[in-house]
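1. quick one, structure for this:
(one chain, ligands or ions: 1)
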Amino acid sequence: MPRPRSFFFSLLISNLLLIATILGLGSWWTFREMDRQANWNSRRFQGQLLSLAKDGLEDNWRDAAKIIEQYCRSYASRPEFRLTVIDAEGNVLGDSDHAAEKMEAHNNENHPELLEALQGTTLKDTFAESTRLSRTKRIRYRYLASPIRHENAVVGAVRVAVPVSDLTEDRRRLSSGISTGFWLMLLSAAFFVTILIWLWSKPLKAISSATRQIAEGNLDPMPDVGGSSEMLELFDAVDSMRQTVSRQLETITWQRERLQSVLKHLPDAVFALDSEDRIVYYNGAAEHLFGLEAFSISLSIQYLLRLPEILDFYFSRRESSSREPVREQTMIEIRQNGARKMIEWELVDIAHRRQDEDIACLLIARDQTDVIQTERMKADFVANTSHELRTPLTSIRMTIDNALDGIYPVSAYGEVFEMLDRNIHRLEALTDDLLALHDVEDGTGTPIREKTTLMEQKTWIDETFCRKADEMRIGFRVVLPENLSEVAASCFFVDTKRLELVLQNLIDNALKFTPADGKVELRLSLLDENMLSVECEDTGCGISPENQSRVFERFYRVKQRKTERQRGTGLGLSIVKHAVERLGGSISLSSQVGVGSLFIVRVPV
Ligand code: ADP
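-> Residues are numbered from 1 along each chain as shown. Below you'll find the predicted structure:
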């Protein structure tokens, strides 16, 4: 489309055309009227001259020759007029510009004005007129002729001629004067019109540029424009439109920010998509869950979430034929950095099937891995606990039933009571472990930090485990740092109950899984005076790498033939792990099957 001419130029050109037309018409009319007037004036003057001559001749016709000579002489001094007098036969009696005797008779059709005058048909005050080329002078003349009457008879005719070239010259001068006037007027009108239109269009231009800026998104206050009251009204209207747009934009921005901040703080990953399936926003949880890096917003969902199941879910639900906005859910398992995650996906269609929507739907992802795992662990825990309780209980029930049925001879009672004692012991151990696990897992109680020293801890361990280790023929020793006097004696604060739980379970396991003649060493030290280090090393059966990550689970026991003394509840290391966590520390394990195991615990004190 051709670019439309600017308002300034359109107005200028149309105004100039209008002015030129008016001036042209005015000039033409003026020229026509002035020309007519000049013609009329010159003709009247010529007529007056003719009347004077005619009257003079008629009054003095008897002395005609003298008068004619006198007239011709006076006319000869005025080259712009020519006087000719003829008698009734057409013979030239006198001519101001030419010798009369050399001139031919003038009563023929070559001189129609004289012919007409001689016929005497011209009324008083009117003249015979003709404009033609003079045969004697070879220039064009306008001739006026009048009869000379004497005693009621036409005795001749007198003629006054004016060269037409003089009239044309006058006309040319008049025309050039008027056209100069026309151009001068047009130029000055153009000049003033240009200035006027520029002054008019200036505020309009300012308003149009301000409107363009609003359209481009610049909503700064508009600079003042002067001009007429209509311009000021227009300016006010545009300015109030700007203010309204600015306010609405502020509201939209504020609402958008609020929405984004709400989405940002949601624990669920949220993706906002437009009606073209482009992701226009995603929150921090989404970034974290899917390890997304900064990307250019408005990328299609296919480029960002390259998971076929999710794309299938998204597109199948988006294209659903339902008339109502949809809200769909599904659970999809994804692998991330080698770990499996169970993600619950929800599609909330908030602008169903509407085109050009900024935010058409929300795709929400909830990481349910922990929830599902916790539920599974809870179910396992109940099943395992029931199983662990049922085994000794069944054994006790059977023993008592058999005793009541008198199956056991009295001599076997000692053995029966021993079996009952073992099972009850097992139930007690299990209950103790369950209580201890509950205590460390619960974590609601405030830790009771007590003052202790490394030496105190060593004494307690020696008292508790040395005899047992001797009985099992295991070389057991507690090692403190060499500069004992300085460091080991220095006191520290720690939740001693939980620390004892950790030490007890670790040493119990070490003794349990180390054969006779093996060694168990417990090294206690303080790192940087505020970090307690416990290293429990044994030369026992060791734990295979695949089991190392699982031994801390509740009720998990490595499957192998176990002797009676190795049988446990499967809760020991789970208690250790949770107790260490409650103490704010960490635990690590390194082990080799057939060589031994080393548990390292670090606890801030
Ligand atoms: P349990 O009551 O069976 O000892 P734990 O949770 O304490 O339960 O230990 C879980 C499993 O880890 C044990 O069954 C055992 O197979 C293995 N384990 C624990 N400590 C040691 C160790 N020091 N040496 C070898 N195996 C160990």
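2. only C-alpha atoms from now on, for both contacts and neighbour counts.
-> Noted.
3. now do the strands in the stretch 101-250 of the chain.
-> Along the stretch 101-250 of the chain, counting by DSSP state E, counting those that start in this stretch, strands occupy 128-133, 140-150, 153-163.
4. what's the angle between the shortest one and strand 153-163?
-> Which is strand 128-133. On the basis of axes from the mean of the first three to the mean of the last three C-alpha atoms, to 10 degrees, strand 128-133 is oriented at 40 degrees to strand 153-163.
5. hmm, back to that, can you put the strands of the stretch 101-250 of the chain in a markdown table and add mean neighbour count, distance to Ile507 and mean pLDDT?
-> Shown next, in a markdown table, are these (neighbours: other C-alpha atoms under 10 Å; distance: least, C-alpha to C-alpha, whole Å; pLDDT from 0 to 100):
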| stretch | mean neighbour count | distance to Ile507 | mean pLDDT |
| --- | --- | --- | --- |
| strand 128-133 | 17 | 151 | 90 |
| strand 140-150 | 24 | 150 | 91 |
| strand 153-163 | 23 | 150 | 91 |
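6. want to throw those strands into CSV with distance to Ser386?
-> Listed next are those as CSV, based on distance: least, C-alpha to C-alpha, whole Å:
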stretch, distance to Ser386
strand 128-133, 147
strand 140-150, 147
strand 153-163, 147
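7. dump those to CSV, plus distance to the ligand.
-> Supplementary listing: these in CSV, determined by distance: least, C-alpha to the nearest ligand atom, whole Å:
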stretch, distance to the ligand
strand 128-133, 144
strand 140-150, 144
strand 153-163, 144
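8. could you check how many residues crowd around Ile372?
-> Counted with other C-alpha atoms under 10 Å, the neighbours of Ile372 add up to 13.
9. tell me the contacts of it?
-> Contacts for Ile372 (C-alpha atoms under 8 Å, 6 or more residues apart in numbering) come out as Met342.
10. give me the phi and psi for it.
-> With angles defined as degrees, to the nearest 10, Ile372 sits at phi -70, psi -40.
11. list the buried residues for stretch 508-518?
-> By neighbour count, with 16 or more other C-alpha atoms under 10 Å as the criterion, the buried positions of stretch 508-518 are 508-516, 518.
12. check stretch 48-63 too.
-> The neighbour-count check on stretch 48-63 (16+ other C-alpha under 10 Å) flags 49-51, 53-54, 56-58, 61 as buried.
13. ok, the residue in the stretch 151-300 of the chain that the ligand sits nearest to to Val551 distance?
-> Nearest to the ligand in the stretch 151-300 of the chain, going by C-alpha to the nearest ligand atom, is Leu289, at a distance of 31.9 Å. According to C-alpha to C-alpha, to the nearest Å, Leu289 stands 28 Å off from Val551.
14. next one: Ala237
-> 78 Å.
15. which of those two has more neighbours?
-> Val551 (18 against 12).
16. which residues does stretch 285-305 contact?
-> With contacts defined as C-alpha under 8 Å, 6+ apart, stretch 285-305 is touched by 264, 266-271, 276-281, 311, 365, 367.
17. stretch 139-153 now?
-> 46-47, 50-51, 54, 57-58, 61, 113-114, 117-120, 122, 126-134, 154-165.
18. how about Ala117, nearest residue that isn't a chain neighbour?
-> Excluding the flanking residues, the one nearest Ala117 by C-alpha to C-alpha, 6 or more residues apart in numbering is Pro147, at 4.7 Å.
19. cool, and Val160?
-> Closest to Val160 by C-alpha to C-alpha, 6+ apart is Leu83, at 4.7 Å.
20. double-check that that neighbour belongs to a strand.
-> Yes. Checked against DSSP: H, G, I helix; E, B strand; the rest coil, Leu83 lies within a strand.
21. measure it to the ligand for me?
-> Look at Leu83 and the ligand: by C-alpha to the nearest ligand atom, to the nearest Å, they are 155 Å apart.
22. how many other residues sit next to that residue?
-> Neighbour count of Leu83, defined by other C-alpha under 10 Å: 27.
23. so the spatially closest residue to Val479 that is not a sequence neighbour is in which element?
-> What sits nearest to Val479 in space, not counting adjacent residues and going by C-alpha to C-alpha, 6+ apart, is Arg523, at 4.6 Å. Element membership for Arg523, per DSSP states H and E: strand 519-527.
24. past that strand, which element shows up next along the chain?
-> Downstream of strand 519-527, the first helix or strand assigned by DSSP H and E is strand 531-538.
25. what's that following strand packed up against?
-> On a contact count with 3 or more C-alpha pairs under 8 Å, 6 or more residues apart in numbering; DSSP states H and E, strand 531-538 meets helix 496-512, strand 519-527, strand 596-604.
26. chain center to that strand, what's the gap?
-> Distance of strand 531-538 from the chain centroid (C-alpha atoms, centre = their mean, to the nearest Å) equals 60 Å.
27. how about residues contacting that strand?
-> Residues outside strand 531-538 that contact it (C-alpha under 8 Å, 6+ apart): 506-507, 510-511, 514, 518-527, 596-605.
28. where do the helices sit along the protein?
-> Listed in chain order, the helices of the chain (DSSP state H) span 7-59, 64-76, 112-118, 164-215, 229-264, 284-290, 301-304, 308-318, 369-404, 413-442, 454-471, 496-512, 545-548, 572-582.
29. the ligand contacts on the chain?
-> Counting by C-alpha under 6 Å from any ligand atom, the residues of the chain close to the ligand are 509-510, 513, 540-543, 551-552, 556-558, 567-574, 597.
30. which members of those are classed as buried?
-> 509-510, 513, 540-543, 551-552, 556-557, 568-574, 597.
31. leaving out chain neighbours, which residue sits closest to Val85?
-> Of all residues not flanking Val85 in the chain, Val158 sits nearest, at 4.4 Å (C-alpha to C-alpha, 6+ apart).
32. got the contact list for the one you found?
-> The contact partners of Val158, by C-alpha under 8 Å, 6+ apart, come to 50, 53-54, 83-86, 114, 145-148.
33. try Leu167
-> Shown in contact with Leu167 (C-alpha under 8 Å, 6+ apart): Asn39.
34. give me the pLDDT value at it.
-> For Leu167, the pLDDT comes out at 82.
35. now swap in Ser411 and tell me
-> Per-residue confidence (pLDDT) for Ser411: 87.
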